[in-house]
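Enquirer: return a 3D structure for these sequence lines:
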Amino acid sequence: MRRWDAHSGKALGAFPEASSSVLHLSFAPDGRRIAAGLGNGDLELWDAQSGEVLLRQPHTAGVFFTRWSRRGDALFALPMDDTVRVLRTR
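Expert: This next block holds a predicted model:
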């Protein structure tokens, strides 16, 4: 995955390779973190600048959707096991 400047089109760099195929990405409301739902069942939180993995939470099935709360204090993950997981982030 690569980052680009939306105004200039200039490449800003690449993130480290994810541990599995990325099924879904969502930015936190503050823009500092990215939630990544992965095909291997992991939910990862990445630092939006460096791509560093801040948290890796395993699930029993691939995480096909992530959504942050409006304040960014909760993250909802939908793995392909018919559950909804809520992660408190603050």
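Enquirer: only C-alpha atoms for contact and neighbour calcs from this point on.
Expert: Noted.
Enquirer: which residues are contacting stretch 12-28?
Expert: Residues from elsewhere that reach stretch 12-28 (Cα atoms under 8 Å, 6 or more residues apart in numbering): 1-5, 33-40, 48, 50-52, 62-68, 72.
Enquirer: pLDDT below threshold where in this structure?
Expert: Regions of the chain meeting the criterion pLDDT under 70 are absent.
Enquirer: middle-most residue in it, spatially?
Expert: The centre of the chain sits closest to A35, judged by Cα atoms, centre = their mean, with a distance of 1.7 Å.
Enquirer: for the residue lying closest to R90 once chain neighbours are set aside, which residues are in contact?
Expert: Distances taken as Cα to Cα, 6 or more residues apart in numbering place D73 nearest to R90, at 5.3 Å, with adjacent residues excluded. D73 is in contact with R88, T89, R90, counting by Cα under 8 Å, 6+ apart.
Enquirer: and for the second one, the neighbour number?
Expert: To tie it back to what came earlier, the one meant is T89. Close neighbours of T89, defined as other Cα atoms under 10 Å, add up to 11.
Enquirer: thank you kindly, that will do.
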